[in-house]
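In: got a predicted structure plus its sequence, pasted below:
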Amino acid sequence: MKHNSAVEAELTPLLPLYERERAAARAFALAVVVRTRGSTYRKPGALMAIAADGSYAGLLSGGCLENDLAEHARSVIETGRSHLVTYNTGGSDDALWGLGVGCEGAMTILLLRVGPADDWQPVAHLEQCQVARRPTAVGVVVESSAPDLPSGSVLLADDVRQFRRSAPEGYELLERVKQTGSPDWLESAGVSLFALPLALPPRVLLLGGGPDASPIVDLGGRLGWSVTVYDHRPSYAKAAHFPAADRVVLGRPEALSGTLDLRGFEAAVVMAHHLPSDLEYLRALAASAIGYVGLLGPPHRRDRLLADLGAPADALRERLRAPVGFDLGGRTPEAIALSIVAQIHAYLHGRHTFPGAGVAT
């Protein structure tokens, strides 16, 4: 399954600030992009968290809107009243705060307070679902003339009673958005409700924990991926070597399917640099439904492994990128990691990737 996070709420970048403010019982502002027109840095459903001291997590622009948003956020945190702000950079001679952004687009952002009084919703709900890897969607009331459902109200997919009381049609909306993975709107009885789905972090499996795996984990962590490293060598399978990894697992190659549930991964890269181990990894991956399988090494090594694999190789060929990665140039571990991460990123976002077009290492 490809991962289309371009139109979903990406929570991971916001979590450090959320956890910091929650531990201190300090409310913060959640910025939600609800509408865009033309060329914009982010699209509807994008999120940003802003603390009362002006610090923030997540980006909604290339840095040109964030300072102004922080000023609006302070008022939202102090009063608890949501605020709708629109930035229009559509004019050819625009001079937004003297910056002359010239993006030729417009973005409407809803700011709402998240804190103890609201049980930290909707962020608490999104975090719980992310930890459980459970798809969900949340609704935010952007504009309203209904006294029982003011602007800034939050609707959670799990709170059926709330929907029955104040927005019965909203339940169907959130269920639909949860399934499609695309934001949507409900305009009904004076209420404008925007629903956004949670983007679950893509899960990537690295089969081999050598030194060249470290920059892949680091880059994946920067992208918000959940990376698992699996290796049979105790000297390699150490969590201290991969601080950005979600898990580091010590296990035999032939025990991979019994140790990990491969159904949870969108992509896997075989990089143990050990022919017998790589063969067992490919055998397990051939029996899995993982859509992207990368294999490190030159074409003649790939051909030997597929020949040794035999009949199961037929189930793997359409999914296999070998040599793995885009041919971006460079031979350092960091350059090779960049080429691999770029190819996985393209796959996750539905961009065409060319099997066998990578770097032979």
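Out: Right, received. Where do you want to start? Quick caveat, the model's predicted, so the values are computed rather than measured.

In: centroid-nearest residue for the chain?
Out: residue 201 (4.2 Å; C-alpha atoms, centre = their mean).

In: and the gap between it and residue 129?
Out: Look at residue 201 and residue 129: by C-beta to C-beta, to the nearest Å, they are 12 Å apart. All C-beta spots, glycine's among them, are computed from the backbone N, C-alpha and C.

In: returning to that earlier point: which SS class is the residue nearest to the centre of the chain?
Out: What DSSP: H, G, I helix; E, B strand; the rest coil gives for residue 201 is coil.

In: now it: closest residue in space, sequence neighbours ignored.
Out: Distances taken as C-beta to C-beta, 6 or more residues apart in numbering place residue 226 nearest to residue 201, at 4.5 Å, with adjacent residues excluded.

In: got the contact list for the residue nearest to the centre of the chain?
Out: Counting by C-beta atoms under 8 Å, 6 or more residues apart in numbering, residue 201 makes contact with 12, 130, 224, 225, 226.

In: ok, now with 7 Å
Out: Residues counted as contacts of residue 201 (C-beta atoms under 7 Å, 6 or more residues apart in numbering) are 12, 224, 225, 226.

In: of these, buried ones?
Out: 12, 225, 226 (16 or more other C-beta atoms under 10 Å).

In: inside strands: which ones of the residues you listed?
Out: Using DSSP state E, the members of these that fall in strands are residue 226.

In: pLDDT and distance to residue 22 added to the buried ones among the contacts of residue 201, as TSV?
Out: Listed next are these as TSV, based on pLDDT from 0 to 100; distance: C-beta to C-beta, whole Å:
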residue	pLDDT	distance to residue 22
12	90	16
225	94	24
226	95	22
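
In: what would the buried ones among the contacts of residue 201 look like in JSON lines with distance to residue 287?
Out: What follows is the buried ones among the contacts of residue 201, written out as JSON lines (distance: C-beta to C-beta, whole Å):
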{"residue": "12", "distance to residue 287": "30"}
{"residue": "225", "distance to residue 287": "24"}
{"residue": "226", "distance to residue 287": "22"}
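
In: which of the buried ones among the contacts of residue 201 lies closest to residue 320?
Out: For these, the residue nearest residue 320 by C-beta to C-beta is residue 225; the value is 20.3 Å.

In: that closest one reaches residue 202, doesn't it?
Out: Yes - the criterion here is C-beta atoms under 7 Å, and residue 225 meets it with residue 202 at 5.2 Å.

In: distance of the closest residue to residue 306 other than its chain neighbours from residue 277?
Out: Distances taken as C-beta to C-beta, 6+ apart place residue 313 nearest to residue 306, at 4.3 Å, with adjacent residues excluded. Plainly put, residue 313 is 17 Å away from residue 277 if you go by C-beta to C-beta.

In: okay, those two: which has more neighbours?
Out: residue 277 (21 against 16; other C-beta atoms under 10 Å).

In: hang on, the earlier thing: next one: phi and psi at the residue nearest to the centre of the chain?
Out: Backbone geometry at residue 201, expressed as degrees, to the nearest 10, gives phi -60, psi 130.

In: check what pLDDT it gets.
Out: On pLDDT, residue 201 comes in at 92.

In: what of the one 10 residues further on?
Out: The confidence metric pLDDT takes the value 95 at residue 211.

In: got the contact list for the closest residue to it other than its chain neighbours?
Out: Counting by C-beta to C-beta, 6+ apart, residue 211 lies nearest to residue 333, which is 6.6 Å off, once chain neighbours are set aside. Applying C-beta under 7 Å, 6+ apart, one finds that residue 333 lies in contact with 211, 212, 215.
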